[in-house]
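Peer 1: this is a predicted model, with the sequence first.
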Amino acid sequence: MPSKTMKTTTAALTLALSVLAAQPAAAAGSTADDSTEDAFTFGVIGDIPYGEAEIAKFPARIQDINADKDLNFVTHVGDIKNGSSVCSDEYFTNIRAQFDTFTHPLVFTPGDNEWVDCHRTNNGAYNPLERLDRLREVFFNKPGKTLGSTMPVKSQEDLGLPENVRFTQNRVAFSVLNIQGSNNSLQPWTGLGATAATPEQVAEVEQRTDAALAQIRETFAGAQRRNDRAVVLMMQADMFDPSLLTAASANPEIVSGFRSIVHAIVKETNSFDAPVYLINGDSHVFAENQPLAEGSPWLDIYGQPAADNLQRITVDGSANATNYVRFSVAGNSGTEGDDVLSWEKVPFSS
């Protein structure tokens, strides 16, 4: 006959197993650094919705993404409006209400159309810094948490940039940064009568860029410490916009606002023995390339050595925003090397 001790131990083990079996599966948005999730997917959109017709379709676009139950989270890489419409509080509130209908965690980083370019007369001739403050009030009122379904993230709230966040899933480090088109917000606020960047404009760019550089370094340092398999950087700006290549080759100063950021990415990428992925919007045309590979003209423009491990993906936007990009992250087993991430465009249903 089994002893009383054995009976008690067996009963306790049975109870423990039954409790574990009854526990709900980990939430799709679980992002703790010690996450044990295996393969997973996430979605990315940007430069959407643009114009009245796309604004009307936006709720259906969100529902298409919600229907993809396998997504762990979604990122919007900026530009929630086109560049020739008013940057009103009403519009911001409407988009926030739409964002709240995401059933996945939603990570949002602002684009230039919703604050940098709001000085334009047809945008309402706002002070862009006032619009940035308002965006933070509307979209980042709960720092450290995503929109949509709640997912904890590490934010730079203490530096005044709650939109800059980082998190880790299954040994992949993610860093989402407020880096803007329009030369990272150094283009003059002509709608307010400026012909050069104003002192307050330059001060904001310097503060925001310093914060982005700090987060990039922290992201890679954490990835090195954890022996992560990849780093994923996301931002609005296309720092390698092919439409700017000729002009930037003749005058590199038109992309001067990106120089220190590119320098940091090159340095960290070349010190990190695993793939680095840069996901951006801004230029509206899907692209996949290695913008800083050996022989790239961007190396001379930015004055940098090659960073062959950097893979860039630009998501479709504006009139091309008829899809979202689904990224698949391979499980831990057998994925060390170049194939941690794969991706495909998923068309919207209408």
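Peer 2: Right, received. Where do you want to start? Numbers count the residues shown, from 1 in each chain.

Peer 1: three-state assignment of the residue nearest the centre of the chain?
Peer 2: Taking CA atoms, centre = their mean, the centroid of the chain lies closest to M234, which sits 3.4 Å from it. Recorded secondary structure, M234: strand (DSSP: H, G, I helix; E, B strand; the rest coil).

Peer 1: pull up the gap between G331 and V172, please.
Peer 2: 11 Å (CB to CB, to the nearest Å). (Each C-beta comes from the backbone N, C-alpha and C, glycine too.)

Peer 1: those two: who's more crowded?
Peer 2: With neighbours defined as other CB atoms under 10 Å, G331 and V172 compare such that V172 has more, 26 against 12.

Peer 1: for the more buried one, which non-adjacent residue is spatially closest?
Peer 2: With sequence-adjacent residues excluded and distances taken as CB to CB, 6 or more residues apart in numbering, V172 is closest to A230, at 4.9 Å.

Peer 1: show me what contacts the one you found?
Peer 2: R171, V172, A173, A274, P275, V276, Y277, V329, V340, L341 (CB atoms under 8 Å, 6 or more residues apart in numbering).

Peer 1: could you rerun that using 6 Å?
Peer 2: Going by CB atoms under 6 Å, 6 or more residues apart in numbering, A230 touches V172, A274, P275, V340.

Peer 1: from what I can see G46 touches G317, true?
Peer 2: Yes: with contact defined as CB atoms under 6 Å, G46 reaches G317; the gap is 5.1 Å.

Peer 1: what sits in contact with each of those two?
Peer 2: Each of G281 lies in contact with both G46 and G317 under the rule CB under 6 Å, 6+ apart.

Peer 1: quick one, which of those two is more surrounded?
Peer 2: G46 (30 against 26).

Peer 1: not counting sequence-adjacent ones, nearest residue to that one?
Peer 2: G281 (2.8 Å).

Peer 1: from the contact counts, what lies against the top helix by length along the chain?
Peer 2: When the chain is parsed with DSSP state H, its longest helix is helix 199-226. When contacts are defined as 3 or more CB pairs under 6 Å, 6 or more residues apart in numbering; DSSP states H and E, helix 199-226 packs onto strand 161-169, strand 172-176, helix 259-271.

Peer 1: redo these as CSV? Include distance to H104 and mean pLDDT.
Peer 2: Output for these, formatted as CSV (distance: least, CB to CB, whole Å; pLDDT from 0 to 100):
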stretch, distance to H104, mean pLDDT
strand 161-169, 13, 98
strand 172-176, 14, 98
helix 259-271, 27, 98
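
Peer 1: quick one: closest of these to K154.
Peer 2: Proximity to K154 (CB to CB) singles out strand 161-169 among the helices and strands packed on helix 199-226, at 5.2 Å.

Peer 1: just for the chain, where's the confidence low?
Peer 2: 1-37, 334-338 (pLDDT under 70).

Peer 1: what segments of it are strands?
Peer 2: 40-45, 71-76, 105-108, 147-148, 154-156, 161-169, 172-176, 230-235, 276-280, 287-289, 310-314, 323-329, 341-347 (DSSP state E).

Peer 1: from the contact counts, what lies against the fourth one?
Peer 2: The contact analysis (3+ CB pairs under 6 Å, 6+ apart) places strand 147-148 against strand 105-108.

Peer 1: in its sheet, which strands sit next to the strand it packs on, and in what direction?
Peer 2: Strand pairing for strand 105-108, using DSSP bridges, gives strand 71-76 (parallel), strand 147-148 (antiparallel).

Peer 1: now the first one, how far from the chain's geometric center?
Peer 2: I take that to be strand 71-76. 9 Å (CA atoms, centre = their mean, to the nearest Å).

Peer 1: picking that back up, JSON lines please, covering the strands paired with strand 105-108 and showing distance to A196 and mean neighbour count.
Peer 2: Below are the strands paired with strand 105-108 laid out as JSON lines (distance: least, CB to CB, whole Å; neighbours: other CB atoms under 10 Å):
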{"stretch": "strand 71-76", "distance to A196": "32", "mean neighbour count": "26"}
{"stretch": "strand 147-148", "distance to A196": "36", "mean neighbour count": "22"}
